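Student: Show me how the following folds:
(chains A and B)
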Amino acid sequence: GAGVSQSPRYKVAKRGQDVALRCDPISGHVSLFWYQQALGQGPEFLTYFQNEAQLDKSGLPSDRFFAERPEGSVSTLKIQRTQQEDSAVYLCASSFEAYTEAFFGQGTRLTVV
Amino acid sequence: KQEVTQIPAALSVPEGENLVLNCSFTDSAIYNLQWFRQDPGKGLTSLLLIQSSQREQTSGRLNASLDKSSGRSTLYIAASQPGDSATYLCAVRSGNTGKLIFGQGTTLQVKP
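Tutor: All right, here's what the predicted structure looks like:
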């Protein structure tokens, strides 16, 4: 595709509900990153994929967060038993290789009520 | 641990003014540095990428410089316009996975 696409754009979840956020990277991009952005803050790293391999998940805040990229293209970030502190914008970025220019999607704004 | 700081947090200038946004980082062992723009409720738009071996990059009215040894980068915006109003984020890429470490951003308002 022309750019990184994320869906849904907005998600309201009741506390305790599971959510799944989708990221469609730029075609041919090997590297895919997930970031979390709280209001008024810069994005913070969550996890990194090189093709289908999850090489770094050091930023995932708890074991309720799980990410996958089974075929090396589309990625899904899943949050189980959502809590209010999970409310944030979740950004996906892709790049041709790990250290090349990163392109971001529009993000998914998650609100947990 | 790499930390990135952006000063000022907010800036308001009249249209037409030249301005400089500052970014500093604590660990000079970086691969590159990237400047982004973020409009309210939107994702990040890449502005400029400077490799660690480069001193500056230019795109239109934007010029970014990098002084790796002192841990500093600046983004210079010439002849600012109201459409430049946004939050500007700098991020450094280091470590062995290429993840970006972001500053908290500078929110710029250009008044007509």
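Student: and A:Val46, what does it touch?
Tutor: Let me fix one detail, which is that residue A:46 is Leu and not Val. If a contact means C-beta atoms under 8 Å, 6 or more residues apart in numbering or on different chains, then A:Leu46 has A:33-36, A:57, A:59-61, A:65, A:67, A:77, A:90 as its contacts. (C-beta placed from N, C-alpha, C; glycine too.)
Student: So the residue nearest to B:Gly83 when sequence neighbours are not counted versus B:Leu11, what's the distance?
Tutor: Using C-beta to C-beta, 6 or more residues apart in numbering or on different chains and skipping the chain neighbours, the partner closest in space to B:Gly83 is B:Val110 (7.8 Å). Per C-beta to C-beta, to the nearest Å, B:Val110 is found 9 Å from B:Leu11.
Student: More neighbours: these two, which one.
Tutor: B:Val110 (20 against 16; other C-beta atoms under 10 Å in any protein chain shown).
Student: who's that one bridged to?
Tutor: With DSSP bridges as the criterion, B:Val110 is bridged to B:Val13.
Student: Now that it has come up, it's in contact with B:Tyr88, right?
Tutor: No - using C-beta atoms under 8 Å, B:Val110 is not in contact with B:Tyr88, being 11.8 Å away.
Student: what's the burial count for residue 72?
Tutor: Here I'm looking at chain A. 15.
Student: that's the wrong chain, I meant chain B
Tutor: For B:Arg72, the count of nearby residues is 15 (other C-beta under 10 Å).
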